[in-house]
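A predicted structure for the sequence below; I have some questions about it.
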Amino acid sequence: MKRWLVIGGWWLVKTHSTASLLISNHQPPTTNHLWVAAMSDEPKPQSPVTAQPPALGATAITKRFPGTEGDSLLNLETRDSGTVVYRPMSIFAVAAFVIAITYSAVIVIGAAVSVVQRMPWLIGGWSVIFPLLALVLAGVAWFEIQSSEGTRTGKRMAAWAAMLSIMVSLGYWAYYGATYYVVRNQAQAYCQEFFDKIKQGKLESAFIMAVAPTKRPQDNSSLRDVIEQRFNPMPLRADRSSGGLFNAFKQHMLTHVIVQGGKDVQIEPLGVASWEYKGPTGGYAILMRYRVNGPELGWEGIITLNSMEPVGKVKGGRQWAIAMKETTNNPSSLVLSEEGSRLLGLQRGSSRYFDEWQGRLRSMDKSDHVLAYLSTQEPATREGVLRDYRQSLPATAAAMVGCATSDGLSGLTASCAATFASETHLPNYDAFTRGAIVSLTPDFWAPHEELKTISLPAARMVFHGTADIPMGVMKIEPSKLAYWVREGDKIRFRHHVQMQVRMMLQGLEGDIILECPASWLQTGPTADGWRIAGIELSSMRTLPQMPSEEGGGAANRLELPKMEK
């Protein structure tokens, strides 16, 4: 009995194992199967608890994605027994693939559009973050899958993400670098030509390089006329400063430093600060950093250049223009040597002396006018000349020079005596009152010959006697740099001056020259060492042109009173 109980238990276990095996193979059990299993003499299988799992044989159930053998794009595989096994996809691989495919699509589509529209495809250096991010994520996915012991998949996806990122980004950045190299070299060559023209004193030719190509006049014999008429007319309102693009160009700190340094100036490019493409109508905008080194004065800042791209069937290549308004022009851009700092201090002193001198010139007091005259004489001779002048005056006239009087006859007597004494004891005083200190430069410009003829006598009217109201006014801008030059034991400062006289609608401009001893660079200025050396007028400011008139406008052809030279 006991023996039959053991045989029955063994039979139940055997039947259960056989049924499980048949079900897993999708085959219904039969009596024959059970009988054979029960009666077979073959070694009996282990129980389900102690049995070892069968070896896995991964077989993809879908078409393989190109990549490493043995991996599947999907996360499904089957065992040898036919059981479907799920393996999670690496989230890093998915993210890397999405970023890489999106970046590649944007680059390829943008390149195709740029070819059709004949314009560059530039998305900026910030876009490099996307292929780099895709590479990093692909690397993280690869190491995650390698260390997962078969529980993660996605190697092929990570490999494709890395391959797309490298190939597309390398191709695009090679194109970007070549474009940058060409644009930078063109802009740098244009700047060098600009600098050379300024150093050579060809300011008009340099100026038109800062004018937009569509508005740029031809560089020929009439260039000065075009610039003065179109780009340098008088301001429409009296409250404006010097006005005129050509004046602004000449007074720009970059222009000033190069002119001041002359042929000894050294110009050093410091690279590109930034660049961008503004579209077919805007072209390239590139900011070039430069350093200009002069003997006493330097400049460091950014020069902005804009390009105009050829459109359609327009012949010719890319054209450039320097944007002076966007080019660094502030005191912080100046680089001064120790001697340059001293010269700049003397320049400010010369501006203050000019203001005091003009105040005396416009005064109604005869003694102030005499002091204005003495400012044009050598400082060493002033004290003796002034002493002789005062000693020659009658007592009543000397009193009247210092203060006014209510006695008309005495005043007339003193005035006549003072006039006679000034003509007798003040050398060249008569020439001073006739404005001999004013002259025209050889290349003085005026809209037409009639105005050129009348300019000098009109300017000299400012120095006539003070019995009438002032005949004119002169103005310099202390904030603008003056040019300086050493001549023997003197230093001369040339300030840009504007002159408006009563007899002319047009304004005049040029340089007023002040000089001081060169020893002041070591000892510092003294109370009375400045001298007004002269006024040189270089051009006439035109009035705004009238639309109905060519060649300077009707306003520039007004009939003016004739004056003797």
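The structure has been received and is ready for your questions.

buried sites along stretch 484-497?
Neighbour counts over stretch 484-497 (16 or more other C-beta atoms under 10 Å) mark 484, 491, 492, 493, 494, 495, 496, 497 as buried. To be clear about C-beta, it is placed using only N, CA and C from the backbone, and glycine gets the same treatment.

now, which of those residues sits nearest residue 438?
residue 497 (10.4 Å; C-beta to C-beta).

export the buried residues of stretch 484-497 to JSON lines and append columns for secondary structure, distance to residue 89 and pLDDT.
Output for the buried residues of stretch 484-497, formatted as JSON lines (DSSP: H, G, I helix; E, B strand; the rest coil; distance: C-beta to C-beta, whole Å; pLDDT from 0 to 100):
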{"residue": "484", "secondary structure": "strand", "distance to residue 89": "76", "pLDDT": "94"}
{"residue": "491", "secondary structure": "strand", "distance to residue 89": "81", "pLDDT": "95"}
{"residue": "492", "secondary structure": "strand", "distance to residue 89": "83", "pLDDT": "96"}
{"residue": "493", "secondary structure": "strand", "distance to residue 89": "79", "pLDDT": "96"}
{"residue": "494", "secondary structure": "strand", "distance to residue 89": "79", "pLDDT": "95"}
{"residue": "495", "secondary structure": "strand", "distance to residue 89": "78", "pLDDT": "95"}
{"residue": "496", "secondary structure": "strand", "distance to residue 89": "75", "pLDDT": "93"}
{"residue": "497", "secondary structure": "strand", "distance to residue 89": "80", "pLDDT": "93"}
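
among the residues you listed, which one lies nearest to residue 518?
Among the buried residues of stretch 484-497, and counting by C-beta to C-beta, the member closest to residue 518 is residue 491, at 5.2 Å.

report the contact partners of the nearest residue in space to that closest one that is not next to it in sequence.
Leaving out its chain neighbours, the residue that sits closest to residue 491 by C-beta to C-beta, 6 or more residues apart in numbering is residue 518, at 5.2 Å. Residue 518 sits next to 486, 488, 489, 490, 491 when contact means C-beta atoms under 8 Å, 6 or more residues apart in numbering.

any idea how far residue 351 is from residue 479?
Look at residue 479 and residue 351: by C-beta to C-beta, to the nearest Å, they are 9 Å apart.

okay, the two: which has more neighbours?
The residue with more neighbours, out of residue 479 and residue 351, is residue 351; 18 against 10, by other C-beta atoms under 10 Å.

these two touch, right, residue 195 and residue 267?
Yes - proximity of residue 195 to residue 267 meets the contact threshold set by C-beta atoms under 8 Å, at 5.2 Å.

what do those two both touch?
Taking C-beta under 8 Å, 6+ apart as the criterion, residue 195 and residue 267 both touch residue 258.

and the helix or strand encompassing residue 137, what does it pack onto?
Using DSSP states H and E, residue 137 sits in helix 129-146. Packed against helix 129-146, as judged by 3 or more C-beta pairs under 8 Å, 6 or more residues apart in numbering; DSSP states H and E, are the following elements: helix 91-117, helix 155-199.

so how far is the last one from its chain's centroid?
If I follow you right, that is helix 155-199. With C-alpha atoms, centre = their mean, to the nearest Å as the basis, helix 155-199 stands 21 Å off its chain's centre.

let me know the angle separating that helix from helix 129-146.
Helix 155-199 runs at 160 degrees relative to helix 129-146, counting by axes from the mean of the first three to the mean of the last three C-alpha atoms, to 10 degrees.

phi and psi next, for residue 280.
Torsion angles at residue 280 (phi, psi; degrees, to the nearest 10) stand at phi -60, psi -30.

what is the burial count for it?
14.

wait, it sits on residue 307?
No - here residue 280 lies out of contact with residue 307, judged by C-beta under 8 Å, at a distance of 11.2 Å.

in stretch 121-128, what's buried?
Residues 121, 122, 127 are the ones in stretch 121-128 that count as buried (16+ other C-beta under 10 Å).

now stretch 281-290
Here stretch 281-290 shows 283, 284, 285, 286, 287, 288, 289, 290 as buried, counting by 16+ other C-beta under 10 Å.

the first one and residue 322: what is the separation?
It refers to residue 283. On the measure of C-beta to C-beta, residue 283 and residue 322 end up 13 Å apart.

cool, and residue 245?
12 Å.

report the lowest-confidence entry in the buried residues of stretch 281-290.
The member of these with the lowest pLDDT is residue 283, at 87.

now do the contacts for the nearest residue to it once chain neighbours are set aside.
Closest residue in space to residue 283, ignoring its immediate chain neighbours: residue 307 at 3.8 Å, by C-beta to C-beta, 6+ apart. Counting by C-beta under 8 Å, 6+ apart, residue 307 touches 183, 186, 187, 283, 284, 285, 286, 318, 319, 320, 321.

how many other residues sit next to the nearest residue to residue 323 once chain neighbours are set aside?
The spatial neighbour of residue 323 that comes closest, neighbours along the chain excluded (C-beta to C-beta, 6+ apart), is residue 304 at 4.3 Å. Using other C-beta under 10 Å, residue 304 has 19 other residues around it.

can you list the strands that the helix or strand containing residue 270 pairs with?
In this structure, residue 270 sits in strand 266-277 according to DSSP H and E. Under the criterion DSSP bridges, strand 266-277 sits next to strand 284-293 (antiparallel) in its sheet.

using CSV, write out every CA atom in the helix or strand encompassing residue 535.
In this assignment (DSSP H and E), residue 535 forms part of strand 531-541. Below are the C-alpha coordinates for strand 531-541, written out as CSV (Å, rounded to 0.1, in the frame of the first residue of the first chain):
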residue,chain,number,x,y,z
ARG,A,531,49.8,133.9,-28.0
ILE,A,532,47.2,134.1,-30.7
ALA,A,533,49.3,133.2,-33.8
GLY,A,534,46.7,133.4,-36.5
ILE,A,535,43.4,132.3,-38.0
GLU,A,536,43.4,130.2,-41.1
LEU,A,537,40.0,129.8,-42.9
SER,A,538,39.7,126.6,-45.0
SER,A,539,36.1,126.6,-46.2
MET,A,540,32.7,128.3,-46.3
ARG,A,541,29.7,126.5,-44.9
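
from the chain's centroid, how far away is it?
Centre-to-centre, strand 531-541 and its host chain are 33 Å apart (C-alpha atoms, centre = their mean).

what strands line up against that strand, and which way round?
Strand pairing for strand 531-541, determined by DSSP bridges: strand 438-445 (parallel), strand 507-517 (antiparallel).

who wins for proximity to residue 297 among these?
Taking C-beta to C-beta, strand 507-517 is the member of the strands paired with strand 531-541 nearest to residue 297, at 17.7 Å.

enumerate the positions of the closest one that are buried.
507, 508, 509, 510, 511, 512, 513, 514, 515, 516, 517.

do the same with stretch 451-460
Buried residues in stretch 451-460, counted by 16+ other C-beta under 10 Å: 451, 454, 455, 456, 457, 458, 459, 460.

looks to me like the second one is in a strand.
No - Residue 454 is assigned helix when assessed by DSSP: H, G, I helix; E, B strand; the rest coil, not a strand.

so it touches residue 504, yeah?
Yes - using C-beta under 8 Å, residue 454 makes contact with residue 504 at a distance of 7.2 Å.

okay, now the unreliable bits of the stretch 1-150 of the chain?
For the stretch 1-150 of the chain, residues meeting the criterion pLDDT under 70 lie at 1-86.

mind redoing it with 50?
Within the stretch 1-150 of the chain, the segments meeting pLDDT under 50 span 5-6, 11-13, 15-16, 18-44, 47-51, 56-74, 76, 78-79.

over to the stretch 451-565 of the chain?
Using pLDDT under 50, the flagged stretches of the stretch 451-565 of the chain are 467, 547-565.

cheers, nothing more for now.
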